[in-house]
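Visitor: pasted the sequence and its predicted model underneath.
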Amino acid sequence: MQGPERQGRLRVALPKTDTRGDPRQGESLPRGKLPRREIRERLNAHQGYHYDAGKTLVSTATPYQKAELVETEAFGRVLLLDGATQVSEKWEYRYHEPMVHPAMLAHPDPQRVLVIGGGDGGILR
């Protein structure tokens, strides 16, 4: 590691080399590493997040939006609509469970349910 770089008050240690390589340059990737594509999303003017995506499993477009399914090391498979993260394998429960549990707990004996919408199928699980 090189010496810490100053970014405001935060000290960040930078690696000497990028261990992932650049697949566009024909370099081989270390075993278990995916080709790098950085996904950056701003939540507002002051914050956001980013992560690396690898292989694009599916990429298609409709008259309304572009849909992609990509592999990531951090989140598993991720669904992107127009480049914006919609749901990931790792954290999908954080999205679906808060919608399901209140309704299921409010009913004394839920035997049958009707799901309206539910496009990605996560609520049905």
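Guide: Thanks, I have it.

Visitor: which residues of the chain fall in helices?
Guide: Here the chain has its helices, by DSSP state H, at 92-106.

Visitor: where does it dip in pLDDT?
Guide: 1-35, 118-119 (pLDDT under 70).

Visitor: can you rerun that using 80?
Guide: Low-confidence segments of the chain (pLDDT under 80): 1-35, 92-96, 117-125.

Visitor: any figure for the gap between the spatially most central residue of it and Glu97?
Guide: The residue lying closest to the centre of the chain (CA atoms, centre = their mean) is Val78, at 4.5 Å. Separation of Val78 from Glu97 (CB to CB, to the nearest Å): 18 Å. C-beta coordinates here come from the backbone N, C-alpha and C atoms, glycine included.

Visitor: same thing with Glu89?
Guide: Distance from Glu89 to Glu97, by CB to CB: 15 Å.

Visitor: can you check Asp109 too?
Guide: 20 Å.

Visitor: please apply the same query to Tyr49.
Guide: 21 Å.

Visitor: cool, Arg40 as well?
Guide: 27 Å.

Visitor: the two: who's more crowded?
Guide: Glu97 (13 against 9; other CB atoms under 10 Å).

Visitor: show me the strands in the chain, by range?
Guide: 4-7, 10-13, 37-42, 48-53, 56-61, 66-72, 76-81, 84-88 (DSSP state E).

Visitor: so which of those strands is nearest Gly117?
Guide: Minimum separation from Gly117 across these (CB to CB) falls at strand 84-88, 13.6 Å.

Visitor: off-centre distance for the closest one?
Guide: 5 Å (CA atoms, centre = their mean, to the nearest Å).

Visitor: neighbouring strands for that strand, and are they parallel or not?
Guide: Using DSSP bridges, the strands paired with strand 84-88 are strand 76-81 (antiparallel).

Visitor: and the partner strand, what's buried?
Guide: Arg77, Val78, Leu79, Leu80 (16 or more other CB atoms under 10 Å).

Visitor: which one of the residues you listed is nearest Ala103?
Guide: Distances from Ala103 to those, taken by CB to CB, are shortest for Leu79, at 23.7 Å.
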